[in-house]
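# Here is my input; please provide its structure:
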Amino acid sequence: MSYITLDGVSKQYGNVWAVDRVNMAIEKKEFVSLLGPSGSGKTTLLRIIAGLEKPTQGRVLIDGEDVTHLPPHLRGVAMVFQEFLLFPHRTVYENLAFPLRMLKLQKGEIEARVEWALGILSLNGLEKRYPNQLSGGQQQRVALGRGLVGRPKVLLLDEPLANLDRELRQEMEVEIRKHQSALGIPFIYVTHNQEEALSMSDRIAVVRGGRIEDFAARTDIYDRPKTAFIAQFVGRSNRFEGIAALQKKQLALRGTGVVIETSARDAIAEGMTAAAYVKNEKIRLRPAEKGADGGANTLFATIKHVILRGAYAEYLLTWKGGEIIASRPRSEVEFKEGAEVVAFWTGEDVDVFPAEKSA
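Just a heads-up that it's a prediction; the model follows:
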(Lines give C-alpha, C1' and ligand atoms only; values in the text may rest on other atoms or scores of the structure.)
Protein backbone atom coordinates (compact mmCIF):
# COMPACT_ATOMS: atom_id res chain seq x y z
CA MET A 1 0.00 0.00 0.00
CA SER A 2 1.21 3.52 -0.79
CA TYR A 3 2.18 5.79 2.08
CA ILE A 4 -0.46 8.41 1.18
CA THR A 5 -3.63 7.50 -0.70
CA LEU A 6 -6.38 9.80 -1.96
CA ASP A 7 -9.36 7.65 -2.82
CA GLY A 8 -12.05 9.40 -4.89
CA VAL A 9 -11.57 12.70 -3.05
CA SER A 10 -13.96 15.51 -3.98
CA LYS A 11 -14.83 18.88 -2.47
CA GLN A 12 -17.94 20.86 -3.34
CA TYR A 13 -18.63 24.52 -2.55
CA GLY A 14 -22.22 25.29 -3.50
CA ASN A 15 -22.54 24.25 -7.13
CA VAL A 16 -18.78 24.23 -7.73
CA TRP A 17 -16.60 21.14 -7.46
CA ALA A 18 -13.24 22.56 -6.37
CA VAL A 19 -11.80 19.02 -6.28
CA ASP A 20 -13.41 16.36 -8.44
CA ARG A 21 -12.85 12.61 -7.89
CA VAL A 22 -9.12 12.71 -7.31
CA ASN A 23 -7.20 9.46 -6.92
CA MET A 24 -3.52 9.59 -6.01
CA ALA A 25 -0.98 7.22 -4.47
CA ILE A 26 2.22 8.73 -3.04
CA GLU A 27 5.19 6.76 -1.76
CA LYS A 28 7.03 7.44 1.51
CA LYS A 29 10.18 9.06 0.13
CA GLU A 30 8.61 10.95 -2.78
CA PHE A 31 8.63 14.64 -3.52
CA VAL A 32 5.35 15.36 -5.29
CA SER A 33 4.24 18.71 -6.70
CA LEU A 34 0.66 19.75 -7.37
CA LEU A 35 1.10 22.05 -10.37
CA GLY A 36 -1.66 24.12 -11.89
CA PRO A 37 -2.96 27.62 -12.57
CA SER A 38 -4.68 29.75 -9.93
CA GLY A 39 -8.11 28.39 -9.04
CA SER A 40 -7.38 24.87 -10.29
CA GLY A 41 -8.03 23.26 -6.89
CA LYS A 42 -4.48 22.37 -5.88
CA THR A 43 -4.50 24.28 -2.57
CA THR A 44 -7.91 22.87 -1.67
CA LEU A 45 -6.52 19.40 -2.29
CA LEU A 46 -3.54 20.14 -0.03
CA ARG A 47 -5.83 21.44 2.72
CA ILE A 48 -7.90 18.25 2.51
CA ILE A 49 -4.75 16.20 3.09
CA ALA A 50 -3.87 18.46 6.02
CA GLY A 51 -7.33 18.16 7.54
CA LEU A 52 -8.07 21.86 7.20
CA GLU A 53 -10.90 21.02 4.80
CA LYS A 54 -13.23 18.02 4.94
CA PRO A 55 -13.87 16.26 1.63
CA THR A 56 -17.43 16.11 0.39
CA GLN A 57 -16.70 12.53 -0.57
CA GLY A 58 -13.75 10.16 -0.69
CA ARG A 59 -11.03 9.10 1.76
CA VAL A 60 -7.53 10.19 2.81
CA LEU A 61 -5.15 7.52 4.11
CA ILE A 62 -1.71 8.21 5.63
CA ASP A 63 0.63 5.36 6.54
CA GLY A 64 -2.22 2.87 6.24
CA GLU A 65 -4.58 4.81 8.51
CA ASP A 66 -7.84 6.40 7.36
CA VAL A 67 -7.46 10.00 8.58
CA THR A 68 -10.41 11.45 6.65
CA HIS A 69 -12.21 12.51 9.81
CA LEU A 70 -9.21 13.18 12.05
CA PRO A 71 -8.30 16.79 12.99
CA PRO A 72 -4.99 18.17 11.69
CA HIS A 73 -3.00 17.67 14.91
CA LEU A 74 -3.75 13.94 14.95
CA ARG A 75 -2.72 13.26 11.34
CA GLY A 76 1.04 13.53 11.75
CA VAL A 77 1.27 16.24 9.10
CA ALA A 78 2.86 19.69 9.11
CA MET A 79 2.23 22.56 6.72
CA VAL A 80 4.38 25.46 5.49
CA PHE A 81 2.49 28.40 3.99
CA GLN A 82 3.29 31.12 1.47
CA GLU A 83 3.32 33.68 4.27
CA PHE A 84 6.06 32.85 6.76
CA LEU A 85 3.64 33.34 9.71
CA LEU A 86 6.48 33.77 12.18
CA PHE A 87 5.78 35.34 15.57
CA PRO A 88 7.42 38.78 15.24
CA HIS A 89 7.90 39.14 19.02
CA ARG A 90 9.65 35.75 19.39
CA THR A 91 13.23 34.84 18.55
CA VAL A 92 14.22 32.20 16.02
CA TYR A 93 14.70 29.71 18.87
CA GLU A 94 11.29 30.51 20.35
CA ASN A 95 9.57 30.27 16.95
CA LEU A 96 11.04 26.80 16.46
CA ALA A 97 10.25 25.70 20.00
CA PHE A 98 6.63 26.92 19.96
CA PRO A 99 5.01 23.92 18.18
CA LEU A 100 6.96 21.55 20.44
CA ARG A 101 5.63 23.28 23.53
CA MET A 102 2.14 22.86 22.11
CA LEU A 103 2.90 19.12 21.95
CA LYS A 104 3.93 19.36 25.65
CA LEU A 105 7.32 17.79 25.08
CA GLN A 106 9.93 17.77 27.82
CA LYS A 107 12.44 20.63 27.92
CA GLY A 108 15.36 18.39 26.96
CA GLU A 109 13.52 17.02 23.93
CA ILE A 110 12.54 20.52 22.83
CA GLU A 111 16.13 21.71 23.06
CA ALA A 112 17.41 18.68 21.13
CA ARG A 113 14.90 19.10 18.31
CA VAL A 114 15.46 22.85 18.00
CA GLU A 115 19.23 22.33 17.87
CA TRP A 116 18.69 19.69 15.18
CA ALA A 117 16.57 22.10 13.10
CA LEU A 118 19.07 24.92 13.54
CA GLY A 119 21.83 22.65 12.32
CA ILE A 120 20.22 21.16 9.23
CA LEU A 121 18.84 24.53 8.11
CA SER A 122 22.10 26.46 8.64
CA LEU A 123 20.53 28.75 11.24
CA ASN A 124 23.19 28.31 13.93
CA GLY A 125 24.15 31.68 15.38
CA LEU A 126 20.75 33.19 14.57
CA GLU A 127 18.88 31.72 17.54
CA LYS A 128 18.45 35.03 19.35
CA ARG A 129 17.43 37.09 16.35
CA TYR A 130 13.89 38.23 15.68
CA PRO A 131 12.15 37.76 12.31
CA ASN A 132 12.65 41.41 11.31
CA GLN A 133 16.40 40.87 11.71
CA LEU A 134 16.44 38.02 9.18
CA SER A 135 16.64 37.95 5.40
CA GLY A 136 13.78 36.49 3.39
CA GLY A 137 15.66 33.23 2.90
CA GLN A 138 16.43 32.95 6.61
CA GLN A 139 12.79 33.56 7.48
CA GLN A 140 11.78 30.84 5.04
CA ARG A 141 14.23 28.43 6.69
CA VAL A 142 12.69 29.16 10.09
CA ALA A 143 9.21 28.52 8.67
CA LEU A 144 10.45 25.25 7.18
CA GLY A 145 12.11 24.29 10.45
CA ARG A 146 8.95 24.94 12.39
CA GLY A 147 7.22 22.41 10.16
CA LEU A 148 9.99 19.83 10.61
CA VAL A 149 10.66 19.95 14.36
CA GLY A 150 7.48 18.00 15.08
CA ARG A 151 8.89 15.07 13.05
CA PRO A 152 5.79 14.83 10.81
CA LYS A 153 4.88 11.85 8.66
CA VAL A 154 4.42 14.21 5.73
CA LEU A 155 5.24 17.86 5.06
CA LEU A 156 2.82 19.96 3.02
CA LEU A 157 4.06 23.16 1.38
CA ASP A 158 1.68 25.74 -0.10
CA GLU A 159 3.67 27.98 -2.50
CA PRO A 160 6.31 28.69 0.19
CA LEU A 161 8.72 30.45 -2.19
CA ALA A 162 6.25 32.75 -3.91
CA ASN A 163 7.40 35.86 -2.02
CA LEU A 164 11.13 35.37 -2.64
CA ASP A 165 13.15 36.86 -5.47
CA ARG A 166 14.28 34.59 -8.30
CA GLU A 167 17.86 33.98 -7.14
CA LEU A 168 16.85 33.25 -3.55
CA ARG A 169 13.99 31.07 -4.75
CA GLN A 170 16.38 28.94 -6.78
CA GLU A 171 18.68 28.54 -3.75
CA MET A 172 15.74 27.46 -1.59
CA GLU A 173 14.60 24.95 -4.23
CA VAL A 174 17.93 23.16 -3.82
CA GLU A 175 17.74 23.33 -0.02
CA ILE A 176 14.17 22.04 0.22
CA ARG A 177 14.91 19.10 -2.05
CA LYS A 178 18.09 18.32 -0.08
CA HIS A 179 16.19 18.27 3.22
CA GLN A 180 13.43 16.09 1.81
CA SER A 181 15.94 13.53 0.58
CA ALA A 182 17.74 13.52 3.94
CA LEU A 183 14.57 13.19 6.01
CA GLY A 184 13.01 10.46 3.87
CA ILE A 185 9.43 11.66 4.30
CA PRO A 186 7.04 12.72 1.54
CA PHE A 187 6.84 16.40 0.68
CA ILE A 188 3.72 17.54 -1.17
CA TYR A 189 4.33 20.92 -2.76
CA VAL A 190 1.73 23.24 -4.27
CA THR A 191 2.87 25.67 -6.95
CA HIS A 192 1.81 27.37 -10.16
CA ASN A 193 5.51 27.77 -11.05
CA GLN A 194 6.55 25.00 -13.41
CA GLU A 195 10.27 25.68 -12.84
CA GLU A 196 9.86 24.93 -9.14
CA ALA A 197 7.91 21.75 -9.83
CA LEU A 198 10.38 20.51 -12.44
CA SER A 199 13.48 21.29 -10.36
CA MET A 200 12.39 19.55 -7.15
CA SER A 201 9.82 16.85 -7.86
CA ASP A 202 10.02 13.13 -8.37
CA ARG A 203 6.50 13.22 -9.80
CA ILE A 204 4.15 16.03 -10.77
CA ALA A 205 0.37 16.05 -10.64
CA VAL A 206 -0.96 18.61 -13.11
CA VAL A 207 -4.24 19.97 -11.73
CA ARG A 208 -6.90 21.56 -13.88
CA GLY A 209 -10.49 22.34 -12.94
CA GLY A 210 -10.28 20.25 -9.78
CA ARG A 211 -9.08 17.15 -11.63
CA ILE A 212 -5.71 15.55 -12.21
CA GLU A 213 -4.76 15.86 -15.89
CA ASP A 214 -1.79 13.57 -15.35
CA PHE A 215 0.34 12.31 -12.47
CA ALA A 216 3.72 11.16 -13.73
CA ALA A 217 7.49 11.55 -13.50
CA ARG A 218 8.62 15.12 -14.14
CA THR A 219 10.45 14.09 -17.32
CA ASP A 220 7.29 12.49 -18.71
CA ILE A 221 5.21 15.55 -17.84
CA TYR A 222 7.64 17.78 -19.71
CA ASP A 223 8.77 15.59 -22.61
CA ARG A 224 5.65 13.51 -23.21
CA PRO A 225 2.60 15.60 -22.29
CA LYS A 226 -0.57 13.56 -22.06
CA THR A 227 -3.01 16.37 -22.94
CA ALA A 228 -3.08 19.62 -24.88
CA PHE A 229 -3.39 21.55 -21.63
CA ILE A 230 -0.16 20.04 -20.28
CA ALA A 231 1.64 20.65 -23.58
CA GLN A 232 0.73 24.32 -23.36
CA PHE A 233 1.06 24.82 -19.58
CA VAL A 234 4.33 22.98 -18.89
CA GLY A 235 7.21 24.45 -20.81
CA ARG A 236 6.90 27.15 -23.46
CA SER A 237 5.50 25.93 -26.73
CA ASN A 238 4.47 27.21 -30.13
CA ARG A 239 0.98 26.14 -31.22
CA PHE A 240 -0.11 25.36 -34.78
CA GLU A 241 -3.67 24.42 -35.69
CA GLY A 242 -4.84 22.77 -38.87
CA ILE A 243 -6.66 19.87 -40.54
CA ALA A 244 -5.22 16.39 -40.05
CA ALA A 245 -4.31 14.27 -43.08
CA LEU A 246 -3.09 10.74 -42.36
CA GLN A 247 -0.24 9.46 -44.53
CA LYS A 248 1.09 5.95 -43.86
CA LYS A 249 2.56 6.21 -40.36
CA GLN A 250 2.72 10.00 -40.44
CA LEU A 251 0.25 12.76 -39.72
CA ALA A 252 0.36 15.93 -41.80
CA LEU A 253 -1.29 19.00 -40.33
CA ARG A 254 -2.28 21.36 -43.13
CA GLY A 255 -3.84 24.79 -43.19
CA THR A 256 -1.33 26.18 -40.71
CA GLY A 257 0.81 27.78 -43.37
CA VAL A 258 3.37 25.04 -42.83
CA VAL A 259 3.21 21.26 -43.24
CA ILE A 260 3.69 19.61 -39.86
CA GLU A 261 4.48 15.91 -39.90
CA THR A 262 4.66 13.69 -36.85
CA SER A 263 4.22 10.06 -35.87
CA ALA A 264 2.41 11.16 -32.67
CA ARG A 265 -1.04 10.56 -34.10
CA ASP A 266 -2.98 8.84 -31.31
CA ALA A 267 -6.63 9.94 -31.15
CA ILE A 268 -6.24 11.96 -34.36
CA ALA A 269 -8.58 11.09 -37.23
CA GLU A 270 -8.55 12.13 -40.89
CA GLY A 271 -10.09 15.58 -41.36
CA MET A 272 -10.04 16.40 -37.64
CA THR A 273 -9.02 19.88 -36.53
CA ALA A 274 -5.86 19.29 -34.52
CA ALA A 275 -3.36 21.38 -32.58
CA ALA A 276 0.37 20.71 -32.69
CA TYR A 277 2.79 21.95 -30.04
CA VAL A 278 6.54 22.42 -30.50
CA LYS A 279 8.55 23.60 -27.51
CA ASN A 280 10.62 26.73 -28.04
CA GLU A 281 13.91 24.96 -27.44
CA LYS A 282 13.08 22.30 -30.06
CA ILE A 283 12.98 24.85 -32.87
CA ARG A 284 16.36 25.11 -34.58
CA LEU A 285 17.55 27.90 -36.84
CA ARG A 286 19.81 28.25 -39.84
CA PRO A 287 20.43 31.11 -42.26
CA ALA A 288 17.96 31.25 -45.13
CA GLU A 289 19.35 30.40 -48.56
CA LYS A 290 17.96 31.90 -51.75
CA GLY A 291 16.04 29.42 -53.84
CA ALA A 292 15.87 26.80 -51.10
CA ASP A 293 12.63 24.83 -50.90
CA GLY A 294 10.77 24.39 -47.66
CA GLY A 295 9.66 20.99 -46.50
CA ALA A 296 7.70 19.45 -43.67
CA ASN A 297 8.37 20.93 -40.22
CA THR A 298 10.11 23.90 -41.83
CA LEU A 299 9.21 27.55 -42.23
CA PHE A 300 10.87 30.72 -43.46
CA ALA A 301 10.91 33.62 -41.01
CA THR A 302 12.43 36.96 -40.07
CA ILE A 303 13.92 37.63 -36.65
CA LYS A 304 11.92 40.46 -35.11
CA HIS A 305 13.45 40.61 -31.63
CA VAL A 306 16.31 38.94 -29.75
CA ILE A 307 15.89 38.48 -25.99
CA LEU A 308 18.96 37.41 -24.00
CA ARG A 309 18.39 34.80 -21.28
CA GLY A 310 21.92 34.28 -20.01
CA ALA A 311 23.37 31.31 -21.87
CA TYR A 312 20.31 31.24 -24.14
CA ALA A 313 18.76 33.64 -26.62
CA GLU A 314 15.06 33.80 -27.40
CA TYR A 315 14.25 34.74 -30.97
CA LEU A 316 10.84 36.15 -31.78
CA LEU A 317 10.22 35.15 -35.39
CA THR A 318 7.64 36.55 -37.78
CA TRP A 319 6.43 34.49 -40.71
CA LYS A 320 3.37 34.39 -42.98
CA GLY A 321 1.41 32.45 -40.35
CA GLY A 322 2.11 34.82 -37.47
CA GLU A 323 4.82 34.65 -34.80
CA ILE A 324 6.74 31.88 -33.06
CA ILE A 325 9.59 31.79 -30.53
CA ALA A 326 12.80 29.79 -30.78
CA SER A 327 15.10 29.41 -27.78
CA ARG A 328 18.70 28.52 -28.69
CA PRO A 329 22.04 28.31 -26.83
CA ARG A 330 24.20 31.34 -27.47
CA SER A 331 27.09 28.97 -28.12
CA GLU A 332 25.44 28.33 -31.48
CA VAL A 333 25.45 30.90 -34.25
CA GLU A 334 23.81 34.07 -32.94
CA PHE A 335 21.38 35.80 -35.26
CA LYS A 336 20.70 39.52 -35.42
CA GLU A 337 17.36 41.28 -35.58
CA GLY A 338 16.15 41.48 -39.17
CA ALA A 339 17.97 38.32 -40.26
CA GLU A 340 16.17 35.92 -42.61
CA VAL A 341 16.24 32.37 -41.23
CA VAL A 342 14.83 28.90 -41.68
CA ALA A 343 13.15 27.50 -38.56
CA PHE A 344 12.87 23.71 -38.45
CA TRP A 345 12.21 20.78 -36.12
CA THR A 346 11.72 17.01 -36.30
CA GLY A 347 8.55 14.96 -36.15
CA GLU A 348 9.65 13.65 -32.75
CA ASP A 349 9.58 17.22 -31.44
CA VAL A 350 5.83 17.57 -32.10
CA ASP A 351 3.01 16.82 -29.67
CA VAL A 352 -0.40 16.78 -31.34
CA PHE A 353 -3.92 16.65 -29.88
CA PRO A 354 -7.49 17.26 -31.00
CA ALA A 355 -7.94 21.04 -30.97
CA GLU A 356 -10.01 22.51 -28.19
CA LYS A 357 -11.09 26.10 -27.76
CA SER A 358 -9.54 26.42 -24.30
CA ALA A 359 -6.16 24.97 -25.32
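# In the chain, what residue spans correspond to helices?
With DSSP state H, the ranges of helices along the chain come out as 42-50, 92-102, 107-120, 136-148, 166-183, 194-200, 218-223, 228-233.
# and of the ones you listed, who's closest to Ser33?
helix 194-200 (3.9 Å; CB to CB). Every residue, glycine included, has its C-beta placed from N, CA and C.
# Dump the helices of the chain into CSV; add mean neighbour count as well.
Rendered in CSV, the data for the helices of the chain read as follows (neighbours: other CB atoms under 10 Å):
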stretch, mean neighbour count
helix 42-50, 23
helix 92-102, 19
helix 107-120, 16
helix 136-148, 22
helix 166-183, 15
helix 194-200, 20
helix 218-223, 17
helix 228-233, 22
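# Pipe those helices into JSON lines and attach distance to Ala313 per row.
Converted to JSON lines, those look like this (distance: least, CB to CB, whole Å):
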{"stretch": "helix 42-50", "distance to Ala313": "33"}
{"stretch": "helix 92-102", "distance to Ala313": "43"}
{"stretch": "helix 107-120", "distance to Ala313": "40"}
{"stretch": "helix 136-148", "distance to Ala313": "30"}
{"stretch": "helix 166-183", "distance to Ala313": "19"}
{"stretch": "helix 194-200", "distance to Ala313": "19"}
{"stretch": "helix 218-223", "distance to Ala313": "21"}
{"stretch": "helix 228-233", "distance to Ala313": "23"}
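# Dump those to a markdown table, plus distance to Thr56 and mean pLDDT.
As requested, the helices of the chain are arranged in a markdown table below (distance: least, CB to CB, whole Å; pLDDT from 0 to 100):
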| stretch | distance to Thr56 | mean pLDDT |
| --- | --- | --- |
| helix 42-50 | 10 | 96 |
| helix 92-102 | 30 | 93 |
| helix 107-120 | 37 | 92 |
| helix 136-148 | 27 | 89 |
| helix 166-183 | 31 | 87 |
| helix 194-200 | 27 | 94 |
| helix 218-223 | 28 | 96 |
| helix 228-233 | 24 | 94 |
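# what residues does stretch 46-61 touch?
Residues outside stretch 46-61 that contact it (CB atoms under 8 Å, 6 or more residues apart in numbering) are 1, 4-12, 19, 21-22, 34, 44, 66-72, 75, 77, 79, 154, 156, 158, 188, 190.
# Between the two ends of that stretch, what distance do you get?
As for stretch 46-61, its first-to-last residue distance stands at 13 Å under the measure CA to CA, to the nearest Å.
# can you pull up the bridge partners for the closest residue in space to Glu241 that isn't next to it in sequence?
Spatial nearest neighbour of Glu241, chain neighbours left out: Ala275 (4.9 Å); criterion: CB to CB, 6 or more residues apart in numbering. Under the criterion DSSP bridges, Ala275 forms beta bridges with Glu241, Phe353.
# how near is Ala275 to Ile260?
For Ala275, the distance to Ile260 (CB to CB, to the nearest Å) stands at 10 Å.
# list residues touching both of the two?
When contacts are counted by CB under 8 Å, 6+ apart, Ala275 and Ile260 are jointly contacted by Phe240, Val352.
# who's more crowded, the two?
Neighbours per residue, other CB atoms under 10 Å: of Ala275 and Ile260, the larger number sits with Ile260, 25 against 20.
# And the pLDDT at that one?
Per-residue pLDDT puts Ile260 at 84.
# Likewise for Ala252?
Turning to Ala252, the model gives it a pLDDT of 76.
# Which residue comes closest to it once chain neighbours are left out?
Distances taken as CB to CB, 6+ apart put Ala245 closest to Ala252, at 4.6 Å, once the chain neighbours are dropped.
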